[in-house]
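In: have a look at this prediction, sequence included:
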Amino acid sequence: MIDLNFLALDLEMNTLEGTHEPGKIIQVGIAIGNLESYNRKEKFIEKSWYVDPYEAIYPRITELTGITTYNVANESTPLDTIQDEIYDLMQQYKCFANPVVWGGGDANLFKKEAKEKFGYCKLFGHREIDLKTIYSFFQLVKNEKLNSSLKSTLNSYKLNFEGTQHRAVDDARNTLSLFFAMILKQKTIYNLINEASNLK
């Protein structure tokens, strides 16, 4: 398991303010790494792409993400090309099939848009490893507040957010760092429990 590579996925969406609809993908970011390389403080494999939604970017989304209508109109990569590149990276690094995400839904949003645009999606398994849900469970057990951001959750693990929030590749990198920090903390807890059990 230590040598297994995981891929963190983050999407930025052109979401209309005041609606619950996610909107269209405007940026895809990924980070790939494993627990051993994280322990050695090695850099993750990272990549991001703009995606053209063929509509103007809402001002609030530009303010939040820094992504402009010019970016998506002139610097975008077709979604099928992005899919192929992610697929090749996942094959090259033998990644776990299900991506690591913060908040859930990004893998399904990618698959949904891919199927709408070109009829199929060959990425990801049927599930995501959603760290926000896992962290909310831990908070529930401790009777503490459930609402949390990626940045505040990183802080609770004594980690700083690296980069700029709401940039797909930065969010993916920090999500993957949080994932490995959570694994290490749980391993410590399990080791303590096992040691305590052996004292009986």
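Out: Yep, it's here.
In: and the closest residue to Lys24 other than its chain neighbours, helix, strand or coil?
Out: Once flanking residues are discounted, Lys24 sits nearest to Pro53: 3.6 Å by Cβ to Cβ, 6 or more residues apart in numbering. (C-beta placed from N, C-alpha, C; glycine too.) At Pro53 the chain is in coil, as set by DSSP: H, G, I helix; E, B strand; the rest coil.
In: what's the answer for the one 4 residues further on, then?
Out: Ile57 falls in the coil class when you classify it by three-state DSSP.
In: now do the phi/psi pair for it.
Out: Note on Ile57: backbone dihedrals following degrees, to the nearest 10 are phi -80, psi 130.
In: ok, the spatially closest residue to it that is not a sequence neighbour to Asn98 distance?
Out: Excluding its sequence neighbours, the residue lying closest to Ile57 (Cβ to Cβ, 6+ apart) is Thr69, at 4.7 Å. Counting by Cβ to Cβ, to the nearest Å, the gap from Thr69 to Asn98 is 33 Å.
In: show me where the protein has its helices.
Out: With DSSP state H as the criterion, the chain has helices at 35-39, 59-65, 69-74, 79-92, 106-118, 131-141, 150-156, 168-198.
In: include mean neighbour count, mean pLDDT and distance to Asn5 when you put those helices into a markdown table, please.
Out: Shown next, in a markdown table, are the helices of the chain (neighbours: other Cβ atoms under 10 Å; pLDDT from 0 to 100; distance: least, Cβ to Cβ, whole Å):
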| stretch | mean neighbour count | mean pLDDT | distance to Asn5 |
| --- | --- | --- | --- |
| helix 35-39 | 16 | 93 | 9 |
| helix 59-65 | 15 | 96 | 27 |
| helix 69-74 | 15 | 97 | 29 |
| helix 79-92 | 16 | 98 | 8 |
| helix 106-118 | 18 | 96 | 16 |
| helix 131-141 | 15 | 94 | 17 |
| helix 150-156 | 17 | 96 | 21 |
| helix 168-198 | 17 | 90 | 10 |
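In: which of these sits closest to Leu11?
Out: If you check each of the helices of the chain against Leu11 by Cβ to Cβ, helix 106-118 wins as the nearest, at 4.7 Å.
In: the closest one to helix 168-198, inter-axis angle?
Out: In terms of direction (axes from the mean of the first three to the mean of the last three Cα atoms, to 10 degrees), helix 106-118 departs from helix 168-198 by 140 degrees.
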